[in-house]
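Enquirer: okay, predicted coordinates and the sequence, questions at the end:
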Amino acid sequence: MKVNIIGGGVAGLAAGIYLQKNGIQTEIFEQHAVAGGLCAGWRRDGYLINGCMHWLLGSGQGISFNTFWREIIDLDAIKFIYHEERVQFDVPGLADRHGNTVFHFYNDIDKFEQYLLDISPEDESVIRLWMNEVRFVGKYLDRLPPVFYDEPWWKSLWHKMRLASLTPMLFFMRRWSGSSNYDFAERFKNPFLKKAITLLYEKEMRMQILLFVQSYANEGVAGYPMGGSLPFAQKLVESYLAKGGKLRLNTSVESIEVKDGKAQSLLLKNGEREACDYVISAADWHWTMFHALGGNYLSSKQMALKKLKKEQVFYSFCILYIGVDLDMSAMPHFVRYDIGEKLSSPDGTEYERLEVQNYCYDPMMAPKGKSLLAVDFQTREGQYWMELRKNDYEEYKRQKHLFADKVIALLAKRLGDDFVSHIEMCDLTTPATYYRYTRNYWGSSQGWTPQNNVLHRLPITNRVKGVDNVYLAGHWLEAGGGLPIALKSARDVAWMVSKRVNGKFVV
Ligand SMILES: Cc1cc2nc3c(=O)[nH]c(=O)nc-3n(C[C@H](O)[C@H](O)[C@H](O)COP(=O)(O)OP(=O)(O)OC[C@H]3O[C@@H](n4cnc5c(N)ncnc54)[C@H](O)[C@@H]3O)c2cc1C
């Protein structure tokens, strides 16, 4: 009995760990030289770059993801940081009643409520409504996401009762459906708050998501792991190997070979064939369905996803990492600077603000007395960067340099010219970087974009119509993606395979 897993990202590793725990032999085939997928970090000139996560849902107790992570790694061996504020940012052209032009988005709801009431007593009713909704979500986090167990009747009855207790959440979803922070801002009288609420996120944000994210932060269930993404991914690899899993790096899968409705083997790019009883693809959904399976096993609704629209795919990033020979610990950990002009990226996207992460709170990221900054730019123009890199590598590098120089010049306006003379490391990632290392469609950072209605479901499941023994996992399984979806989708398919093979699933 053997399960071949395509992709050694978080989903592939998690699926492998669960199956190994159930006594099922697995082998992971990973095209890149290191496992972890998008959950990546790398070293550059003495700095450790965090290529991915700022928060891990489930780091703290009180949410089911905490239980899931604990099933596969020793979470207690990781130190998590919980910041006092999510971000602080300029509110251009406006000041609060104390003359402050910077808005603080605090994570603690009681503190945030007091801060808002102090700025705008005239908005008390809407401020209280907002904070009470965040507190309301917090009461249900321990039951989310709903997990369906196939267990003896007395246990499944207990789970059904717990699910029924989530009914008030449906009303909550309805209350906020279709409304964004821009709509919500209209309810405020105070001009400073009205503007600040539109600036809470990089882009317009659905209120349902905003309230959930605030609730995670308030309840202390989503922290930043010290050392960032690299040590976290390594923990998953160690756990997998310790359970007897086999990991083949630098091994690209070309296709899944199917005969009579059953996958027989994986055909590798090097021409080798790897026979198996089950396949789990934890790689890009589009590649799995249209390339590895040749587009032969799709429903008509899935077929419509062949030509993807930009808005369907979660944005990718350009991120400029800067190593500075200065102690910048006095600067906030996350700040959004208004730049007072439009910054054009080579891909045509325009930005009005700089999103700057300062990693001084994590001593693993920079040598003593030095600092690592990261400036993030969301983009939906992944294709531009991928094609430029492929067709004209010199021009790709030139455009990267030009963009990095523009960003540094703008940063100098805020941080001083002295800052520029202390820069000793620069590294700009683009969607082409994410594609090269993970093969995600257009360099998507989290799979699909959530639609306006977060209850909207994509025509995607973890099974493949017409092939009995192929399962799908990873962040493409649910719109919004992220590490929790990678984990949960992997747990679901491991559970399904294990039930088929052993008749039970143990954790
Ligand atoms: C900048 C950034 C910040 C982020 N921040 C957060 C955050 O704070 N919190 C959060 O929850 N999420 C965050 N995410 C999202 C999160 O990193 C991803 O959703 C998650 O890591 C996806 O895991 P996955 O295993 O589903 O997919 P991937 O990580 O994409 O793994 C797929 C793997 O399959 C391999 N593969 C693909 N094709 C083949 C093939 N043909 N043969 C062999 N191997 C193949 C790839 O190399 C890759 O290793 C962030 C992402 C980015 C880019």
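Expert: That came through, no problem.
Enquirer: I'd say Ala35 and Val237 touch.
Expert: Yes: distance between Ala35 and Val237: 5.0 Å, which falls inside the contact criterion (Cβ atoms under 8 Å). Placement of C-beta: from N, CA and C, glycine included.
Enquirer: so what sits against both of the two?
Expert: Here Ala35 and Val237 share the contacting residues 8, 13, 247, scored by Cβ atoms under 8 Å, 6 or more residues apart in numbering.
Enquirer: just these: which are in helices?
Expert: Leu13 (DSSP state H).
Enquirer: check the shared contacts of Ala35 and Val237 against the ligand, which are close?
Expert: Gly8 (Cβ under 6 Å from any ligand atom).
Enquirer: one step back: so Ala35 and Val237 - more neighbours on which side?
Expert: Ala35 (25 against 21; other Cβ atoms under 10 Å).
Enquirer: follow-up on the earlier one: nearest to Leu305 among the shared contacts of Ala35 and Val237?
Expert: Closest approach between these and Leu305, by Cβ to Cβ: Gly8, at 24.8 Å.
Enquirer: any bit of stretch 35-52 sitting next to the ligand?
Expert: Yes: interface with the ligand: stretch 35-52 contributes 37-39, 52 (Cβ under 6 Å from any ligand atom).
Enquirer: what ranges does the stretch 351-500 of the chain have for its helices?
Expert: 382-391, 393-415, 417-421, 431-438, 483-502 (DSSP state H, counting those that start in this stretch).
Enquirer: measure how buried Pro121 is and give me the count.
Expert: Neighbours around Pro121, by other Cβ under 10 Å: 11.
Enquirer: how much space is there between it and Met289?
Expert: Applying Cβ to Cβ, to the nearest Å, the value for Pro121 to Met289 is 55 Å.
Enquirer: now the buried members of the shared contacts of Ala35 and Val237.
Expert: 8, 13, 247 (16 or more other Cβ atoms under 10 Å).
Enquirer: report the buried residues of stretch 24-44.
Expert: Using 16+ other Cβ under 10 Å as the test for burial, stretch 24-44 gives 24, 26-32, 34-42.
Enquirer: okay, now the unreliable bits of the protein?
Expert: 146-156, 452-456 (pLDDT under 70).
Enquirer: can you tell me if the longest strand along it touches the ligand.
Expert: In the chain, taking DSSP state E as the definition, the longest strand is strand 334-344. No: Strand 334-344 is not in contact with the ligand by Cβ under 6 Å from any ligand atom; minimum separation 11.8 Å.
Enquirer: and that strand with helix 393-415, angle?
Expert: 130 degrees (axes from the mean of the first three to the mean of the last three Cα atoms, to 10 degrees).
Enquirer: neighbouring strands - and their directions - for strand 334-344?
Expert: Applying DSSP bridges to the sheet, strand 334-344 is found paired with strand 85-90 (parallel), strand 350-358 (antiparallel).
Enquirer: quick check, Phe212 in contact with Val137.
Expert: Yes: the criterion here is Cβ under 8 Å, and Phe212 meets it with Val137 at 5.9 Å.
Enquirer: for Ile49, give me phi and psi.
Expert: phi -90, psi 130 (degrees, to the nearest 10).
Enquirer: separation between it and Met364?
Expert: Distance, Ile49 to Met364, using Cβ to Cβ: 11 Å.
Enquirer: neighbour count winner among those two?
Expert: A count of neighbours by other Cβ under 10 Å puts Ile49 above the other of Ile49 and Met364, at 23 against 15.
Enquirer: got a list of what that one touches?
Expert: 41-43, 228, 321, 365, 372, 374, 427.
Enquirer: again, only this time at 6 Å
Expert: Contacts for Ile49 (Cβ atoms under 6 Å, 6 or more residues apart in numbering) come out as 41-42, 321.
Enquirer: strands along the stretch 201-350 of the chain, start to end?
Expert: For the stretch 201-350 of the chain, applying DSSP state E, counting those that start in this stretch gives strands covering 222-225, 246-248, 253-259, 262-268, 273-275, 278-281, 316-324, 334-344, 350-358.
Enquirer: Tyr361 - how many residues pack around it?
Expert: 12.
Enquirer: excluding chain neighbours, what is closest to it?
Expert: His333 (5.5 Å; Cβ to Cβ, 6 or more residues apart in numbering).
Enquirer: check Asn4 too.
Expert: Cys276 (4.0 Å).
Enquirer: for the ligand, what are the nearby residues on the stretch 351-500 of the chain?
Expert: 434, 438-440, 445-446, 474-475, 481-484, 486.
Enquirer: so what are the domain limits for the protein?
Expert: The record's domain parsing of the chain by automatic domain parsing lists 2-39+54-75+228-308+449-502, 83-219, 315-442.
Enquirer: could you check how far the first one is from the centre of its chain?
Expert: Averaged C-alpha coordinates place domain 2-39+54-75+228-308+449-502 at 16 Å from its chain's average position (Cα atoms, centre = their mean, to the nearest Å).
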